[in-house]
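Novice: quick one: sequence plus predicted model below, questions after.
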Amino acid sequence: MIGGSERKYSRSVQWVASLLVLALFAIVLFLFLIGPEILTRYDKAHITTISCKVTAAYAGSASTRSLKGRGTSLPQVEYRSPDCGNLVLSRGLTAEVAEKRAAEVVRGERYDFQIGEGSARLRGLFQAVGVAPDVTAVRADGGN
């Protein structure tokens, strides 16, 4: 040992350090495995509508990958909004429909987005980590 001194920690300090490591592991497990599943189930049962000013819309595709390494590519439309962040519509779209939906957007107009209530509440967090929440429907806001 360099310097000849070995640092010993008391049993209580070792216990607290072990507990902190275990708590950190539980938080990471929740955030990446359990949390998204709970949010998805909650969102399916609790749909709300938000009104957002859309400044751009882009057709594209999102790739998914399973734990077995298999994946698929899904057409989507990404809506950009200064007041709501980025939002993504991917359900029931073909590449042609996604292109059409993106082209129909009038920049600067307000649109109503149907979104899960949990995802709507967590939009700020999603923006901070660079994730765009999924929406289930988009229509022009009748109340401009």
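Specialist: Received, thanks.
Novice: only C-alpha atoms from now on, for both contacts and neighbour counts.
Specialist: Noted.
Novice: direction included, what does the worst-scoring helix or strand of the chain on mean pLDDT pair against?
Specialist: Lowest mean confidence among the helices and strands of the chain (mean pLDDT, DSSP states H and E): strand 56-65, at a mean of 84. Looking at strand 56-65 with DSSP bridges, its partner strands are strand 71-81 (antiparallel).
Novice: any chance you could list what contacts the partner strand?
Specialist: When contacts are taken as C-alpha atoms under 8 Å, 6 or more residues apart in numbering, the neighbours of strand 71-81 outside the stretch itself are 52-65, 86-91, 93-95, 98-99, 101-102.
Novice: how does it look with 6 Å?
Specialist: Here strand 71-81 makes contact (C-alpha atoms under 6 Å, 6 or more residues apart in numbering) with 53-65, 86-90, 94-95, 98.
Novice: kindly report the same for stretch 111-119.
Specialist: The set of residues external to stretch 111-119 that reach it, using C-alpha under 6 Å, 6+ apart, is 43, 46-52, 135-141.
Novice: mind giving me the PyMOL command for buried ones among those?
Specialist: Once 16 or more other C-alpha atoms under 10 Å is used to decide burial, the buried members of the contacts of stretch 111-119 can be selected in PyMOL as follows:
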select buried, resi 43+47+48+49+50+51+52+135+136+138
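Novice: from the contacts of stretch 111-119, which shows the smallest pLDDT?
Specialist: Per-residue confidence across those is lowest for D141, with 80 (pLDDT).
Novice: ok, the closest residue to it other than its chain neighbours to L20 distance?
Specialist: Take D141 and drop its neighbours on the chain: the residue closest to it by C-alpha to C-alpha, 6 or more residues apart in numbering is Y111, 4.5 Å away. Using C-alpha to C-alpha, to the nearest Å, we find Y111 at a distance of 45 Å from L20.
Novice: more neighbours, these two?
Specialist: Just comparing Y111 and L20: by other C-alpha atoms under 10 Å the higher neighbour count belongs to Y111, 23 against 12.
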